[in-house]
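Asker: Sequence first, then the predicted structure:
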Amino acid sequence: MKEKPVYLDNNATTAIAPEVLDEMLPYLKEFYGNPSSMHTFGGQLHKKLEEARERVAALIGAEPGEIIFTSCGTESDNTAIMSAVDSRRDKRHIVTSSVEHPAVLNFSKHLARKGYRVTFLPVNNLGQLDMDAFFKAIDDDVAVVSIMYANNETGVLFPIAELGAALRDRGIIFHTDAVQAIGKLPINVKELPVDMLAISGHKLHAPKGVGALYVRKGTRFVPYIFGGHQEHGRRAGTENMASIIGLGKTCEIAKTHIDEEATRVQAMRDRLEKALLEKCPQARVNGDTKNRLPNTTNISFEFVEGEAILLRLDEHGICASSGSACSSGSLEPSHVLRAMGVPFTAIHGSIRFSISRYNTNEDIDKVIEKLPPIIKELRILSPYGR
Amino acid sequence: MWEYTKKVKDFFLHPKNVGEVENPDAVGEVGSMVCGDALKLTLKVDKATDRIIDAKFQTFGCASAIASSTALTELIKDRTIDEALKVTNQDIAEYLGGLPKEKMHCSVMGMEALEAAIADYRGEDKKSVEKKEGLVCECFDVYEDTIRRVAAENHLTTAEEVTYYTKAGGGCGSCIPKIEEILKDMWFPAEKPKPPIKPKKLTNLQKIALIQDVIEKEIRPRLQADGGDLELIDIDGNKVIIALRAMCTDCKMAAVTLKDIEQKLRTLVVPDIVVEAE
């Protein structure tokens, strides 16, 4: 690609922050030791490991001892759910939502095949959780409830505080996949009644291949990966030091940028959304616009197909994503939009823009300039585009 | 990200023959918005020579669907109806320098639109909406005759390939066993169930041994191929009690699987066996 891309796909992955990379590089070059070693060369990394842990903990108001480093958000989610059901062998019921990330959705389906009972809670057409179904699903057999903090496709937020409050004192472990929300919204586990919470590095300007799981002190925990004594025996495997240091640094920075998310980032998102809806007839926003992440907008353009839109945008160096079937690699369009009852005609033409603090007003201008004519042209091509 | 050829990209960014011809002599429409792609083909035909003078398209779909439509219209222009009918989905794919295998259904859609248009021109059954029989894939509205034809022309041997070419089986997946059956019937028609080994009268011991043998040799390997398994729990007279294991647990097709097992045991052991799940 010739020019710098206009990267508006930050819910897929993000750029590594320059400060994060700077902090990481020495640990990929000269300080390659193993923090478990007895010698100073390796052992000195132990301090960096604990510093990273403190930084991650500080971002969400946790104790450092409540943070376990993992290889990614998916591992954190799998670990949380597996630990919950493993530590409550007498309980066989898992409650989650129908719009979870595959990390939770497909792991739950896997457990269903192993004989667990799984309830996938429905959402309404705004993508909000069906609370009646939630209360109905909670029975004495529930081992774990796993509900995402914010949906990755629509940005819609779930009432984690309310759900957690309802589950407290019932002996049910409550896990939330907060991968999309961390760093975009202030989250404080001192006030938020969750037992476990998943974090991913690469959604937060750290590199890919590192994540963390918050496990509230006192929560019964069974490891998912067995081997060495790393992470106090809770997650085996030699630590991915450079990336863990990167995750720590990114959490430290995120803390100072959280206000910017609610102001500058959100302003860019709102401006983009408003302009596209004005310039493109028969377009609609998917999901609850009052209660969502500040950086995400998911817009359906009727009568055109998402992959075609993405490839035309790609010609201008604009990166976004789509819930259409053709862009998913399978023939199945987005499970999230389907669960919301969005008509197929609108799902196929859905485009998600997800912004980060590294985006500029020029980026937004470029999309506002380039996208409407693309929609118009593709509608001329389409037999339905009248 | 799909690996598209330069040709596909060119025809996607700069499609040719877009729109509708005026007062068309033939119209072919296939696909639907629900399926995620649709094509409307309109033709102008010189009635005296049966030659296609103009062809235009409107397509709702991804890059390869739009490029396939351009390829189709380019391929059939200035040809007679009979010549045009010889255009296959492979011709369309070749014209584009190839398509990713998952996207071959776009070339098939082009061929189907052409056939629909020609049927319309000839006044043959205007629309095949009435044909309810032979519907295999309900998600994408694909019929058995289409699957058979596309599979034969492109030498497709697996259900996955059929999905790539026709989309059948790409939705809920419940028709995949049906597709597999069609393929088996097409490519291995000779493979009839093995001649029943039916001794005159089995003693209870013989029957139990035979049932175990059939399960081990005939049934289990097939279930395991799909990631499933079963356990023989008990045999009570002619009642065989089994439990489905692994992927078979919670499989929506479990009831069908049980029926299949029962059929197999009836053919190979005794005809009045009843199979029940634990």
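Answerer: Here it is on my side, so go on. Numbers count the residues shown, from 1 in each chain, chains lettered A, B, ... in the order given.

Asker: per-residue pLDDT, whatever residue of the stretch 151-300 of chain A ends up closest to chain B?
Answerer: Distance from chain B to each residue of the stretch 151-300 of chain A (Cβ to the nearest Cβ) is smallest for residue A:300, at 12.1 Å. Placement of C-beta: from N, CA and C, glycine included. Per-residue pLDDT puts residue A:300 at 96.

Asker: Got phi/psi on residue A:316?
Answerer: Dihedral pair for residue A:316: phi -100, psi 10, per degrees, to the nearest 10.

Asker: That one: what's it in contact with?
Answerer: By Cβ atoms under 8 Å, 6 or more residues apart in numbering or on different chains, the contact list for residue A:316 reads A:6, A:366, A:370.

Asker: Return the member of those residues nearest to chain B.
Answerer: Of those, the one sitting nearest to chain B (Cβ to the nearest Cβ) turns out to be residue A:370, at 13.4 Å.

Asker: That closest one - how many residues pack around it?
Answerer: Residue A:370 has 16 neighbours, counted by other Cβ atoms under 10 Å in any protein chain shown.

Asker: Pull the contacting residues for it.
Answerer: A:313, A:316, A:318.

Asker: still on that earlier bit, now secondary structure and pLDDT too, for the contacts of residue A:316, in JSON lines please.
Answerer: What follows is the contacts of residue A:316, written out as JSON lines (DSSP: H, G, I helix; E, B strand; the rest coil; pLDDT from 0 to 100):
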{"residue": "A:6", "secondary structure": "strand", "pLDDT": "97"}
{"residue": "A:366", "secondary structure": "helix", "pLDDT": "98"}
{"residue": "A:370", "secondary structure": "helix", "pLDDT": "97"}
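
Asker: would you turn the residues you listed into a markdown table with distance to residue A:142?
Answerer: Shown next, in a markdown table, are the contacts of residue A:316 (distance: Cβ to Cβ, whole Å):
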| residue | distance to residue A:142 |
| --- | --- |
| A:6 | 45 |
| A:366 | 48 |
| A:370 | 49 |
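
Asker: Now do the SS call for the closest residue to chain A within chain B.
Answerer: Here the residue of chain B nearest chain A is residue B:170; by Cβ to the nearest Cβ that distance is 3.2 Å. Of the three states, residue B:170 takes coil according to DSSP: H, G, I helix; E, B strand; the rest coil.

Asker: Test my guess that it contacts residue B:163.
Answerer: Yes - Residue B:170 lies in contact with residue B:163 (Cβ atoms under 8 Å); the separation is 4.5 Å.

Asker: Using the three-state scheme, assign the spatially closest residue to residue A:238 that is not a sequence neighbour.
Answerer: Using Cβ to Cβ, 6 or more residues apart in numbering or on different chains and skipping residues adjacent in sequence, the residue nearest residue A:238 is residue A:34, 5.9 Å away. At residue A:34, secondary structure determined by three-state DSSP is coil.

Asker: what's the closest non-adjacent residue to residue B:159?
Answerer: residue B:179 (4.4 Å).

Asker: Can you check the pLDDT for that neighbour?
Answerer: With respect to pLDDT, residue B:179 scores 91.

Asker: Any idea how many residues pack against it?
Answerer: Residue B:179 has 26 neighbours, counted by other Cβ under 10 Å.

Asker: Is residue B:31 in a helix, a strand, or coil?
Answerer: Under three-state DSSP, residue B:31 comes out as strand.

Asker: Please apply the same query to the one 10 residues further on.
Answerer: Here residue B:41 takes the strand state, with states given by three-state DSSP.
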